[in-house]
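**Q** can't give you the sequence, but here's the structure:
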């Protein structure tokens, strides 16, 4: 994704009960247990993302899948805050510089992956050494295939450390 001069739009506070379904769609499939009932919640639009802002930090996003389905998923800040158990793959040290430049994740750099990943899933990518989140993208193959493959694109990039959403100041 090329650098854009996106602005935060339609930012407004919301009540927990109004977006309870969004919070469940964000957290339940990833095995996250979090209580946001006392948090200050806002929604906003930023570039292609509809954001859930929790205590002035963009922790969740809604994006349109390639099949035109709206998917809720944590942002990288959300992954850091909630430490999800599912929908991740791990890459070796050699893949990190490419991911930080927004490149898609190639299968050759993936060493392990959560068994629940299916082609078309929105997943998060972490580094093999420390388990820290690096990027979020669309899986172009299932978990077994991405670990076994030695060539080809495994994840189409959506959001990475250093991009506009990561740098967003609230």
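**A** Structure's in. What do you need? Owing to the predicted nature of the structure, the values given are computational and were not obtained by experimental measurement. Residues are numbered from 1 along each chain as shown.

**Q** contacts and neighbour counts: CA atoms only from here.
**A** Will do.

**Q** neighbours around residue 168, how many?
**A** 14 (other Cα atoms under 10 Å).

**Q** what about it, distance to residue 53?
**A** Counting by Cα to Cα, to the nearest Å, the gap from residue 168 to residue 53 is 11 Å.

**Q** Domain parsing of this structure, as residue ranges.
**A** If you go by automatic domain parsing, the domain ranges for the chain are 8-75, 88-165.

**Q** if you compare those domains, which one is most tucked away?
**A** With neighbours defined as mean count of other Cα atoms under 10 Å, these peak in mean count at domain 88-165, which reaches a mean of 19.

**Q** gap between the two ends of it?
**A** End-to-end for domain 88-165, by Cα to Cα: 20 Å.

**Q** what's the answer for stretch 47-61, then?
**A** Note: stretch 47-61 ends 11 Å apart using Cα to Cα.

**Q** what pLDDT does the residue most central in space within the chain get?
**A** A centroid search over the chain (Cα atoms, centre = their mean) returns residue 136, at 3.9 Å, as the residue closest to the centre. Predicted confidence (pLDDT) for residue 136: 97.

**Q** Tell me how many other residues surround residue 83.
**A** Neighbour tally, residue 83, other Cα under 10 Å: 18.

**Q** Now do the contacts for it.
**A** Residues counted as contacts of residue 83 (Cα atoms under 8 Å, 6 or more residues apart in numbering) are residue 32.

**Q** and the gap between it and residue 30?
**A** 9 Å.

**Q** shaky segments in this protein?
**A** 1-4 (pLDDT under 70).

**Q** And the helices in this structure?
**A** Along the chain, counting by DSSP state H, helices occupy 20-27, 76-82, 96-100, 143-148, 164-167.

**Q** quick one, what contacts residue 128?
**A** 90-93, 111.
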